[in-house]
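Novice: quick one, fold the following:
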Amino acid sequence: MINEDFVDGVILVDKPTGCTSHDVVNVVRRRFSLRKVGHCGTLDPEASGLLILLLGKATKLSDQLMGDDKTYEGTFKLGETTDSYDADGQITQISPVPPLSLEELKKYAATFEGDQMQIPPMVSAVKINGVALHKLARRGIEVERRSRLVYIYRYDILNYEAPSGDFILSCSKGVYVRSVVHDMGQKIGCGAHLTRLRRTSSGPFNVENAISLGVIKYFSREELKKRVLPAITLQKMLLNLQ
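Specialist: Residues are numbered from 1 along each chain as shown. You can find the predicted model right below:
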């Protein structure tokens, strides 16, 4: 490991499914022998899409970027509730799905727009007394979680073919999209869980400008540096957005 990082700035990664956000950080850190690499906004292992990596001195800007609004695209399945609120969990309840039109589903989704008090799922990184909830969940322990205020700008069902549908959701930081899907299933009365999730934007950054992790792994240092948004440029961008 070298004493000083050769690059300071941001690189946008299109995270694949099947790995954690921390795995992505480790790949970039080891591949380019960087001391400081961080990410802004965790994605679940089975979620894909935009992951903002901060390199070198740019890691000091993490707090400013973590609070950015985000947009997701995903798929839900009605009639099945899981303990993790997504397809990775164990099915805890199966219920018949009532006849629903796309317009009826859109009306259910619209009730989640605006201020919402959301309870984090047990399978999450939220900590209670210093212990991550997902660690307690793996031991079969369920604890009371405090609800927290979040904001949903848009929750729109794009299409529906029973029992599954696609949606787009734009929200403030801290929103668990799988909790939104779970809560919608509870409101409908048949349960639901998230089967696919992709983050498409975070603040001023879009996944269309991101590079797949598989490509980045084969970059030379010079290629990486060409694709990094320098820290000083990022600082100016953040100042202009204030």
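Novice: can you tell me the centre-most residue of the chain?
Specialist: For the chain, residue 43 is the residue whose C-alpha lies nearest the centre (C-alpha atoms, centre = their mean; 3.9 Å).
Novice: what about it, which SS state?
Specialist: Here residue 43 is coil, with the state taken from DSSP: H, G, I helix; E, B strand; the rest coil.
Novice: from residue 173, how far off is it?
Specialist: Distance from residue 43 to residue 173, counting by C-beta to C-beta, to the nearest Å: 13 Å. Every residue, glycine included, has its C-beta placed from N, CA and C.
Novice: with residue 224 instead?
Specialist: Distance of residue 224 to residue 173, given as C-beta to C-beta: 27 Å.
Novice: and the two? Which one has more around it.
Specialist: residue 224 (20 against 16; other C-beta atoms under 10 Å).
Novice: okay, and that one sits in which element?
Specialist: helix 221-227 (DSSP states H and E).
Novice: which parts of that helix count as buried, going by neighbours?
Specialist: By neighbour count with 16 or more other C-beta atoms under 10 Å, helix 221-227 contains the buried residues 224-225, 227.
Novice: and what of stretch 203-218?
Specialist: So for stretch 203-218, counting by 16+ other C-beta under 10 Å, buried means 203, 205, 207, 210, 213, 216.
Novice: so what's residue 157 bridging to?
Specialist: residue 167 (DSSP bridges).
Novice: measure it to residue 180 for me?
Specialist: Residue 157 is 12 Å from residue 180, by C-beta to C-beta.
Novice: of these two, which one has the most company?
Specialist: Ranked by neighbour count (other C-beta under 10 Å), residue 157 and residue 180 place residue 180 first, with 26 against 21.
Novice: quick one: contacts for residue 207?
Specialist: Contacts for residue 207 (C-beta atoms under 8 Å, 6 or more residues apart in numbering) come out as 12, 14, 49-50, 198-201.
Novice: tell me the two of the residues you listed that are most distant?
Specialist: The span of the contacts of residue 207, defined through C-beta to C-beta, is set by 12 and 198 at 14.0 Å.
Novice: for stretch 176-183, give the mean pLDDT please.
Specialist: Mean pLDDT, stretch 176-183: 94.
Novice: now residue 54. Nearest residue, chain neighbours left out?
Specialist: Sequence neighbours aside, residue 38 is the residue nearest to residue 54 in space, at 4.7 Å (criterion: C-beta to C-beta, 6 or more residues apart in numbering).
Novice: my guess is the one you found contacts residue 59. True?
Specialist: Yes - under the criterion of C-beta atoms under 8 Å, residue 38 makes contact with residue 59 at 4.6 Å.
Novice: so where's this structure shaky on pLDDT?
Specialist: 1-4, 122-145, 241-242 (pLDDT under 70).
Novice: can you list the domain ranges for it.
Specialist: The chain resolves into domains spanning 9-67+204-241, 70-118+147-201 when parsed by automatic domain parsing.
Novice: ok, residue 50 touching residue 203?
Specialist: No - using C-beta under 8 Å as the test, residue 50 is too far from residue 203 to be in contact (9.9 Å).
Novice: can you tell me the element residue 233 falls in?
Specialist: Residue 233 is part of helix 231-241 when elements are defined by DSSP H and E.
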